[in-house]
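Peer 1: I need the structure of the sequence given here:
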Amino acid sequence: MEVPTSIDVCCLDEALASAARRFAEYPAIITPQRSWTFSEVETLSRRLATRLRSRGIGHGDRVALLSLNSAGFAIAYCGIVRSGATVLPLNFLYHEKEIAWMLKDAEASGMIFSPELRQKAFTAAQSTGMQLLWELPSIPDQNTDWIQTPAEHLERSRAAACDADDIAAILYTSGTTGRPKGAMLTHRNLVSNAWSVSRALRLQPGADRILLVLPMFHAFAATAGMLHSLLHGIAFIPLPRFDPVEVAESVADHDATVFMGVPAMFAALLRLPERFTETLSQLKFCISGGAPLPVETLEQFEKRFGVLIYEGDGPTECSPVTCVNPIGGLRKIGSVGRPVELVEMAIMDDSGRRLPPGEIGEICVRGPNVMKGYWKRPEETRAVFFGEWFRTGDIGRQDEDGYFY
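Peer 2: As a prediction, the model looks like this:
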């Protein structure tokens with residue numbers, strides 16, 4: 001199947017349903033225990049949505065998700081947004097007090113958590129008075145009551161009608177000063193950015209597989225790894241933690257074709273024993289983001305494994321992918337590439353005036369991927385916009401070819 005050249009729908013529920021029809025029997029999520037087809041993910045996420053609605057969760061509510069990378073994370077994420085609620089992915093590395101603050105700030109109605117994080121979830125929820133908590137199973141399937149709820153009658157209810165500008169997710173950004181701010185990402189933001197990623201990567205439905213060890217609570221993994229895959233027929237392999245040997249073994253065991261990582265991961269993979277060199281060489285390419293990739297690391301990785309690394313970038317507030325070096329095209333080392341389709345980028349001065357190529361200024365972004373604003377922070381929201389342009393706060397420049405640095 002070819003990569004779609006236009007966006008047909010802008011609501012996640014419709015987009016997921018469309019993908020499930022087109023790619024029904026293709027593998028969607030692959031783990032050592034089992035794999036799930038797009039049809040199975042569709043069934044399980046709809047089932048969860050019905051469960052949530054039966055407990056009073058619906059349009060406008062916020063439901064937290066505290067989980068390691070897993071099939072359960074993806075199914076829960078989809079189930080929450082399909083119930084009409086907003087998903088609140090939480091960083092499981094945070095202390096219970098930090099999680100409790102976010103639950104209160106977001107006015108979360110409930111929380112879904114993985115078994116490994118049970119104690120942290122209950123401790124954080126207890127201080128907020130939250131009553132609705134559900135534990136994910138280790139292996140979600142259709143034969144078990146996999147969301148543990150009190151035994152009571154479950155009324156089926158229709159999902160609330162989705163508007164493309166409804167808030168699908170709130171992702172808290174770790175600011176350098178003050179409390180974190182919740183970036184409100186709409187259905188339009190996420191569906192459009194997943195489409196932009198599909199156009200940039202040009203992976204083949206039913207054939208390519210992304211190894212996803214970056215934390216799925218983070219915008220990069222959630223959109224570029226998980227949602228892009230679920231909406232465009234690509235399988236992904238979630239790993240709960242980064243271990244170089246486990247990464248290499250997973251590439252071999254599950255025929256991964258793409259690896260997404262941050263610079264420190266590529267440096268760690270270089271320390272693998274020689275026997276893994278051929279294993280990683282089967283990858284088509286790698287994507288690096290989150291921080292500048294040292295040229296020395298890139299050169300050593302590519303020389304050893306024969307696999308190219310393409311750098312990209314983008315802040316949480318932009319869903320988050322804004323740019324990447326063209327896959328298979330002109331790659332400029334040290335650059336984060338050119339804007340992906342639907343996204344505009346510019347260098348501006350302090351007054352919002354666009355600067356010509358070569359001049360240093362603030363990187364600003366415009367497009368359907370840009371957040372609705374910060375949750376309950378109208379003043380902070382106004383401060384980061386020049387009209388429709390989001391001010392990333394990053395200083396950079398653009399060259400004559402449209403590449404950003």
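Peer 1: pLDDT on stretch 120-139, on average?
Peer 2: Regarding stretch 120-139, the rounded mean pLDDT is 92.
Peer 1: give the other helices and strands that the helix or strand containing S250 contacts.
Peer 2: Element membership for S250 (DSSP states H and E) is helix 244-254. Applying 3 or more Cβ pairs under 8 Å, 6 or more residues apart in numbering; DSSP states H and E, one finds that helix 244-254 contacts strand 209-212, helix 263-269, helix 277-280. For the C-beta atoms, the positions are set from N, CA and C on the backbone; glycine is no exception.
Peer 1: out of those, which one sits most buried?
Peer 2: Comparing the helices and strands packed on helix 244-254 by mean neighbour count (mean count of other Cβ atoms under 10 Å), strand 209-212 ranks first with a mean of 24.
Peer 1: give me the buried positions along the helix holding S250.
Peer 2: Neighbour counts over helix 244-254 (16 or more other Cβ atoms under 10 Å) mark P244, V247, A248, S250, V251, H254 as buried.
Peer 1: these into a markdown table, with extra columns for distance to I80 and pLDDT?
Peer 2: Output for the buried residues of helix 244-254, formatted as a markdown table (distance: Cβ to Cβ, whole Å; pLDDT from 0 to 100):
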| residue | distance to I80 | pLDDT |
| --- | --- | --- |
| P244 | 32 | 98 |
| V247 | 28 | 98 |
| A248 | 33 | 98 |
| S250 | 27 | 98 |
| V251 | 30 | 98 |
| H254 | 27 | 98 |
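Peer 1: between these, which is nearest G312?
Peer 2: The shortest approach to G312 among the buried residues of helix 244-254 belongs to V247, at 19.5 Å (Cβ to Cβ).
Peer 1: for F220, see how far away the nearest residue to that closest one once chain neighbours are set aside is.
Peer 2: Nearest in space to V247, with sequence neighbours left out and distances taken as Cβ to Cβ, 6 or more residues apart in numbering, is V213 at 6.2 Å. Distance, V213 to F220, by Cβ to Cβ, to the nearest Å: 12 Å.
Peer 1: which residues do these two both contact?
Peer 2: M260 (Cβ atoms under 8 Å, 6 or more residues apart in numbering).
Peer 1: quick one: average confidence on stretch 75-89?
Peer 2: pLDDT averaged over stretch 75-89 gives 97.
Peer 1: grab the nearest non-local neighbour of K332.
Peer 2: Of all residues not flanking K332 in the chain, Y403 sits nearest, at 5.0 Å (Cβ to Cβ, 6+ apart).
Peer 1: any stretches of the stretch 151-300 of the chain with poor pLDDT?
Peer 2: For the stretch 151-300 of the chain, residues meeting the criterion pLDDT under 70 lie at 151-160, 175-177.
Peer 1: which residues in it form helices?
Peer 2: In the stretch 151-300 of the chain, the helices defined using DSSP state H, counting those that start in this stretch lie at 187-201, 219-220, 228-232, 244-254, 263-269, 277-280, 295-305.
Peer 1: among those, which is nearest V340?
Peer 2: Going by Cβ to Cβ, the one of the helices of the stretch 151-300 of the chain nearest V340 is helix 187-201, 4.2 Å.
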